[in-house]
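the sequence and its predicted three-dimensional model are supplied below.
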Amino acid sequence: MVNIKLKNPIPLDFTQKTQGFGALLIGIIIALTLGTLANVFAWEVTWLWWILGMGVIVGILNTFHEEGVLFIITLLTLTIMFNLLASTTLFPVWAVTLFQAVVYLLVPTTIIVGLKVLYALAVK
């Protein structure tokens, strides 16, 4: 009898700590793409719901509790920074839409990662 080991066809391992950065980076790229398309085609506000849902998915796929606190501080800093940039009148409307797209991605991600860190601390 021949013993053949097949490789895992999907190399994504959910125990890796590097998937959080990749998920966040892909989410930001998609949010910026949707924001750009919303500017070009004058979409209604419904595209923001897709970004909010994607933020929840990125938060679920994101970091573990060891680096979660640092991740939350970073996301809160980025969220506040992009909110302040979007509220100034220095930037054109298309740039403000891109800032808001990133904020709408980061807010649910921060909430989900915060809940994961809180759960990890409660279980400890």
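On my side now, so go ahead.

max-length helix in the chain?
helix 93-123 (DSSP state H).

got the buried residues for that helix?
Using 16 or more other Cβ atoms under 10 Å as the test for burial, helix 93-123 gives 96-110, 112-114, 116-117. Where you see a C-beta, it was placed from the backbone N, CA and C, and this is true even at glycine.

also stretch 68-88?
For stretch 68-88, by 16+ other Cβ under 10 Å, it's 68, 71-72, 75, 78-79, 82, 85-86.

closest to T46 among those?
A86 (19.3 Å; Cβ to Cβ).

name the helix or strand for that closest one, please.
Per DSSP states H and E, A86 falls inside helix 68-87.

tabulate the CA atom coordinates of that helix in CSV.
Written as CSV, here are the backbone C-alpha positions of helix 68-87 (Å, rounded to 0.1, in the frame of the first residue of the first chain):
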residue,chain,number,x,y,z
GLY,A,68,-4.2,43.0,20.0
VAL,A,69,-3.7,46.0,22.3
LEU,A,70,-1.0,47.5,20.1
PHE,A,71,-3.3,46.8,17.1
ILE,A,72,-6.2,48.7,18.8
ILE,A,73,-4.0,51.7,19.6
THR,A,74,-2.8,51.8,16.0
LEU,A,75,-6.3,51.5,14.6
LEU,A,76,-7.7,54.2,16.9
THR,A,77,-4.8,56.5,15.9
LEU,A,78,-5.5,55.9,12.2
THR,A,79,-9.3,56.4,12.7
ILE,A,80,-8.9,59.7,14.6
MET,A,81,-6.3,60.9,12.1
PHE,A,82,-8.5,60.1,9.0
ASN,A,83,-11.5,61.6,10.7
LEU,A,84,-9.6,64.9,11.4
LEU,A,85,-8.3,65.0,7.8
ALA,A,86,-11.8,64.4,6.5
SER,A,87,-13.3,67.2,8.6
